[in-house]
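Engineer: Below are the sequence and a predicted model; questions follow.
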Amino acid sequence: MSKHHRIPSRLRLARQWTPSPQRFAAVAAGKGDPSLLLAFDANEPHDQSGAHSDRSASYRNAITRNTEERPVVGRLLSVNVGLPRDVMWEGRTVRTAIWKEPVDGPRMVRKINIDGDDQADRAAHGGEHRAVFVYQIDSYRYWERHLARHDFTYGQFGENFTVEGLPDAEVCIGDRYAIGEAVFEVTQPRVTCFRVGIRMREPAMPSLLVAHHRPGFYLRVLQEGAVQAGDAITRMKVGEEQLSVAEIDGLLYLPNRPRRKLERALQIPALSDGWKGSFKELFEQAEQKESPEPTAWEGFQPLVVTSIEGESDTVLSFRLAPSDGTPIVRPQPGQYLALRMRPDGPDQPAVIRSYSLSSIEGEDSYRISVKLEPHGVGGEFLHRHVHEGDVIDAAAPRGSFLLRDDQRPVVLISAGIGATPVLSMLQSLARTRSAREVWWLHGARNSHQHAFASEVDQLLDSLANAHRIVAYSGPSPGDVPGRGFDTSGRLSVETIEAARIPVDADYYLCGPDAFMRAISAGLTARGVPPEQVATEIFGAAPSLAPGIVAVHRPAPHQPHSPPGAGPPVTFARSNVTVPWDPSYTSLLELAEACDVPASFSCRTGVCHYCETGLLTGDVAYNPKPLEPPPDGRVLVCCSQPSTEVTLEL
C-alpha cells in the first residue's frame, strides 16, 4: 500500500503545524500528504466523550465554508472498495467483503454500490438502502486512543467513504449530501456484525461501536455519479425529525427507549424498512405497555395425565393437568410444552421433547397430540408406556409461533402432525367469532391418518367466512372426495393459486421441513411479504449465521474434546446434554462444538439474534449485554452457566 494511504498514528511535529486554507485544499485534492492533516486532528484536545475541543472546532471552521444554498460540512478523504473473499475464522469459512482498499482517482457510484466494490451479504450489508458505508476520521482517532492501536489504514472499518466531518452524533437519518457528481441520502446506522470484529482483530468491536455511539452509517444513492478523494461534502437537506445516526442506533440497541422518540423514528421516510419494522414492534410494545408475557412457572413442574384419546391411527392426544388441581394459565395459540421424560428408567438420563398444544380450551388442563414415529423416543414412550394417572414433568407453555392480531385473512397450512399448533389458532379464531377470512389447508395420507377431521369441520362451521382444502396424498379405497377431503395429491403453491387465496394474508405453516420450504418459497414468489409468513419447526431450528459458508453439518452430538467438570447444559430441541467446560467462552461456543444449530450475528450481546429460551437454571454474562433479555430468555453468545441449565436449542 502506498504511503499516502496509511494513516499515521504518531507525528510529533503535528502540534507545531497550522494548516493554511491553501495547504488544506492541496491535501484534500490529493496533491499533498494527508498525514499532517490527520495527525493535527489526532493531537487536538478532546473531552471525555471523544468530542473535539473549542480549538478543534475553530480548526474545522477554517475548512468549512457556507455558500448561499448549501453548507460544506466535510470532505471525502478516501474512497475504498473491495470484493467478497473467504477468510478462515475459528475453523470455519466466512464470506465477507469488509476488507476495503483505497483507490486513486474518480470512481462511479451506482444505485447498489461503487464500481469495484461489492457486498458478500446483501441481506444485511447491501442493497439500495445500504449502497455506501461511511466512517469518520475522527472516529479513527477515537479508537486509536481507546484500543491503543497505531496500525489503522483507510477502509479499516469496512467503510467505502472515509470522511472528515459528518459525526454520528450530528448526521441525521434523511440528511442528503452531494459528493462529487453524486447525491446521497442517509438511511440507517451500521448493522452490528461479528465480521467487523474479525477485521479489527477485536471480538468486542460490534458492542463497542454501539456502546460508544460511533457506529457509522449507510447511504442510499439518489443520483449516480463519480466521486474521488478530496471532494467536498455539501449538505442539501436536513432529515425529517432530525434524529441523529447515534440516536437511532441507541434507540434500537440500548435500553430505556423513549416512546416519543420511537414515534418520531417511524415518521422518517428515509429510514430503511428493516429498521422501521423493528421500531414498529418496539413502539407497539410501548403503546400497549406490554413486555413479553412471563412464563406460567419456572423450570419443570409435574403434570398428571388426566386422559388419553385417539385422534387417528398414529396420533394420541394427552390431557395434562397440575398435580395440585389448580387452574392452568391459558396458553397462547401456537405455543408448545417441553416434556422431560425418562424412558429408560427413573434413574437414567432424561430426554426432553417439545410438543405443540393442539388445544387452548379448558381451564384445568393442557392438550398435546403426539404422533407415533419410527425410532421416535418420546413418541414411543408416550404411546406405549404412559397411562392415565402417570406424572410427567413439563416446562411452562412457550414459543413465538403465535397468531397475530390484525385484520388480514388468516391462512393455516399444515401437513400431518403439523396440524397441532394451527389447530389451536383455529380454536382461538372460532372462540372469538372472528370476522376475518380464514383458510384451512391440510395434507394427510388418507382418512386413517387424518387427525382432528371432525373437530376442524365443527370449528370452520362456526366461522362466518371460512374455507377448507384437505388433500390426501394416498386415499384409501373408501375415501371419497367431498367427504372428509377435497382433493387428491399434495398441497402446493399451485393449490393456493387455484383457490385464489389472497396474497395479502397472514400465512402460518407447520409440517415436514421440505413441505414448509417449498410452500414458503412459493409464497415469496407470489409476492407474499416474508414478515407475513410464519413457520413452526419441530426439533432443532435452522440457525442464522450471516457470512458463514454453509457446509454439511452432522446431527447434534457430544463435543470431540474431553467432557468438562462444570454443570450440565441441555440443548432441549437437539436432545444433547453436555457438562460445561470453562474453556468455552460462551454457551454459543459450546453449542457450536456440538453442532447444535444456534443463530448469531454480533456475538457480543448487542443484536439478540442468539436469544433463546432458558427452560431451567441460571447464567452469568461476560461480557454483559447492552440490553439484557426478558426473563426466561438468554443470550447464548455472551453467557456462561452458573447452574445446570436447559436451553431451547
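Structural biologist: That came in fine, so what should we check first?
Engineer: what about the stretch 251-400 of the chain, any weak spots by pLDDT?
Structural biologist: Residue ranges of the stretch 251-400 of the chain with pLDDT under 70: 287-294.
Engineer: again, 80 this time
Structural biologist: Counting by pLDDT under 80, the stretch 251-400 of the chain shows low-confidence ranges at 284-296, 349.
Engineer: and if you look at the chain?
Structural biologist: 1-69, 120-126, 284-296, 349, 537-553.
Engineer: if you set the cut-off to 50 instead, what comes out?
Structural biologist: Within the chain, the ranges that satisfy pLDDT under 50 run 1-68, 290.
Engineer: Identify, by residue count, the longest helix of it.
Structural biologist: helix 273-288 (DSSP state H).
Engineer: What residues of that helix count as buried?
Structural biologist: Within helix 273-288, the residues scored as buried using 16 or more other CB atoms under 10 Å are Gly274, Trp275, Phe279, Leu282, Phe283, Ala286. For the C-beta atoms, the positions are set from N, CA and C on the backbone; glycine is no exception.
Engineer: can you list contacts of that helix?
Structural biologist: Outside of helix 273-288, the residues within contact range by CB atoms under 8 Å, 6 or more residues apart in numbering are 129, 188, 248, 251-252, 257, 259, 262-263, 265-266, 271, 291, 531.
Engineer: Among those residues, give me the pair with the biggest separation.
Structural biologist: Farthest-apart pair in those is His129 and Ser291; separation 30.1 Å (CB to CB).
Engineer: one step back: and after the longest helix of the chain, which helix or strand comes next?
Structural biologist: strand 300-310 (DSSP states H and E).
Engineer: Tell me which other helices or strands the next helix or strand along the chain from that next one touches.
Structural biologist: For strand 300-310, the succeeding helix or strand toward the C-terminus, using DSSP H and E, is strand 315-322. Here strand 315-322 touches strand 300-310, strand 366-371, helix 377-385, going by 3 or more CB pairs under 8 Å, 6 or more residues apart in numbering; DSSP states H and E.
Engineer: Pull the residues that contact the longest one.
Structural biologist: To tie it back to what came earlier, the one meant is strand 300-310. With CB under 8 Å, 6+ apart as the test, strand 300-310 has contacts from 316-323, 338, 340, 364-366, 386-396, 615-616.
Engineer: okay, the angle between that strand and strand 366-371?
Structural biologist: 60 degrees (axes from the mean of the first three to the mean of the last three CA atoms, to 10 degrees).
Engineer: Spatially central residue for this protein, please.
Structural biologist: By CA atoms, centre = their mean, the chain has its centre lying nearest to Tyr609, at 4.3 Å.
Engineer: didn't that residue look like it was pressed against Ser599?
Structural biologist: Yes: Tyr609 is within contact range of Ser599, at 4.9 Å (criterion: CB atoms under 8 Å).
Engineer: Neighbour count for His129 and Ser291, which is higher?
Structural biologist: His129 (18 against 10; other CB atoms under 10 Å).
Engineer: May I see the helices and strands packed on strand 315-322 arranged in CSV, with distance to Gly527 and mean neighbour count as well?
Structural biologist: Listed next are the helices and strands packed on strand 315-322 as CSV, based on distance: least, CB to CB, whole Å; neighbours: other CB atoms under 10 Å:
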stretch, distance to Gly527, mean neighbour count
strand 300-310, 41, 15
strand 366-371, 34, 24
helix 377-385, 38, 16
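Engineer: Go through these and name the closest to Thr420.
Structural biologist: strand 366-371 (5.1 Å).
Engineer: ok, back up a step: please check the contacts of helix 273-288 and keep the buried ones.
Structural biologist: His129, Gln188, Ile248, Leu251, Leu252, Arg257, Leu262, Ala265, Leu271.
Engineer: Just read off the phi/psi values of the first one.
Structural biologist: Put plainly, it is His129. Here is the backbone geometry of His129 (degrees, to the nearest 10): phi -80, psi 0.
Engineer: ok, now which ones touch it?
Structural biologist: If you count contacts by CB under 8 Å, 6+ apart, then His129 has Thr187, Gln188, Tyr218, Arg220, Ser272, Asp273 around it.
Engineer: Ok, the fourth one next?
Structural biologist: By CB under 8 Å, 6+ apart, the residues touching Leu251 are Leu243, Arg257, Lys261, Leu262, Ala265, Phe279.
Engineer: Can you lay out the residues you listed as CSV showing secondary structure?
Structural biologist: Formatted as CSV, the contacts of Leu251 follow (DSSP: H, G, I helix; E, B strand; the rest coil):
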residue, secondary structure
Leu243, coil
Arg257, coil
Lys261, helix
Leu262, helix
Ala265, helix
Phe279, helix
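Engineer: quick one: which of the residues you listed is nearest Leu588?
Structural biologist: Nearest to Leu588 among these, with distances taken as CB to CB, is Arg257, at 25.9 Å.
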